[in-house]
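J.: sharing a model prediction with you, sequence too.
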Amino acid sequence: MPDITSNINNLVHDIASMAKNCGRNGDDIKLLAVSKTQSADAVRQAHAAGLRAFGENYLQEALEKIHLLADLEIEWHFIGAIQTNKTRPIAENFSWAHCIDREKIARRLSDQRPPHLPPLNLCIQVNIDGEDTKSGVAPAEVAPLATAIAAMPGLRLRGLMAIPQPQADLQKQRQPFFRLHQLLDTLRALPGLADLDTLSMGMSADMEAAIAEGATIVRIGTAIFGARRPL
């Protein structure tokens, strides 16, 4: 069994060290625990170790955990692809959605966000490497989508998210993250988008590169919980 508490302590130390090495403050980087396929008990252990943000990909599994862990203060992030028939429970149960790639999905989330809840935080997923097999918006198409989302009630567009192609070399890992940061800076210059503040990028294998290029959320699973359980 993995020692979740030790893993989290090591990660927090590593994030702080990586941030310091590039002149950043580690407190500006949120550690998002990717808890998909992990048990509610494992999430409870991670919460006891200090984590408050958890990311889920599979809606039914996530809703079960949200119910089982309702006694805990948790910020739930939906980090999987969103189908139109899944928007209502996401709008009703999550604080963040990271993989927005269509105006239709954002519009449904806006319409279905309960008025008593704060705005749902969104990140646009960018296909930063132009991969045919990967979801996300082409960089050239991000600005009109961002402008449309920023005008929708019940939503708060926070920034961009990407999953680049795997690379072993640190400098090659940094290149797509640099481009994503440049894209965010371009968006901030547009009317109504000056407050964008989020780069959701970097996982266990490329966290150092992402932090060096300005990540504000890193999505970490295996390094916290160990190998994923089979579905």
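T.: Received it, and whenever you're ready, just let me know what you need. Numbering: from 1, shown residues only.

J.: tell me which helix or strand in this protein has the weakest average pLDDT.
T.: Least confident element among the helices and strands of the chain, by mean pLDDT, DSSP states H and E: helix 222-225 (a mean of 94).

J.: can you list contacts of that one?
T.: 2, 4, 7-8, 11, 33-35, 38, 42, 46, 51, 204, 228 (CB atoms under 8 Å, 6 or more residues apart in numbering). Every residue, glycine included, has its C-beta placed from N, CA and C.

J.: for that helix, buried residues please.
T.: Counting neighbours by 16 or more other CB atoms under 10 Å, one finds that the buried residues in helix 222-225 are A223, I224, F225.

J.: same deal with stretch 33-46?
T.: A33, V34, S35, K36, T37, Q38, A40, A42, V43, R44, Q45, A46.

J.: pLDDT of that stretch, averaged?
T.: Per-residue pLDDT over stretch 33-46 has a mean of 96.

J.: one step back: what would the buried residues of helix 222-225 look like in CSV with distance to C99?
T.: Listed next are those as CSV, based on distance: CB to CB, whole Å:
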residue, distance to C99
A223, 21
I224, 20
F225, 21
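
J.: all strands of this structure, in order?
T.: In the chain, the strands defined using DSSP state E lie at 30-34, 53-56, 75-78, 96-100, 120-125, 155-161, 198-200, 217-220.

J.: please identify the buried residues of stretch 131-151?
T.: For stretch 131-151, using 16+ other CB under 10 Å, the buried residues are G136, V137, P139, V142, A143, L145, A146, I149, A150.

J.: for the residues you listed, which one is nearest I79?
T.: I79 lies nearest to G136 out of the buried residues of stretch 131-151, by CB to CB, at 12.9 Å.

J.: list the contacts for the residue lying closest to the closest one once chain neighbours are set aside?
T.: Closest residue to G136 apart from its sequence neighbours, by CB to CB, 6 or more residues apart in numbering: N127 at 3.4 Å. N127 makes contact with K134, S135, G136, V137, A138, P139, A162, according to CB under 8 Å, 6+ apart.
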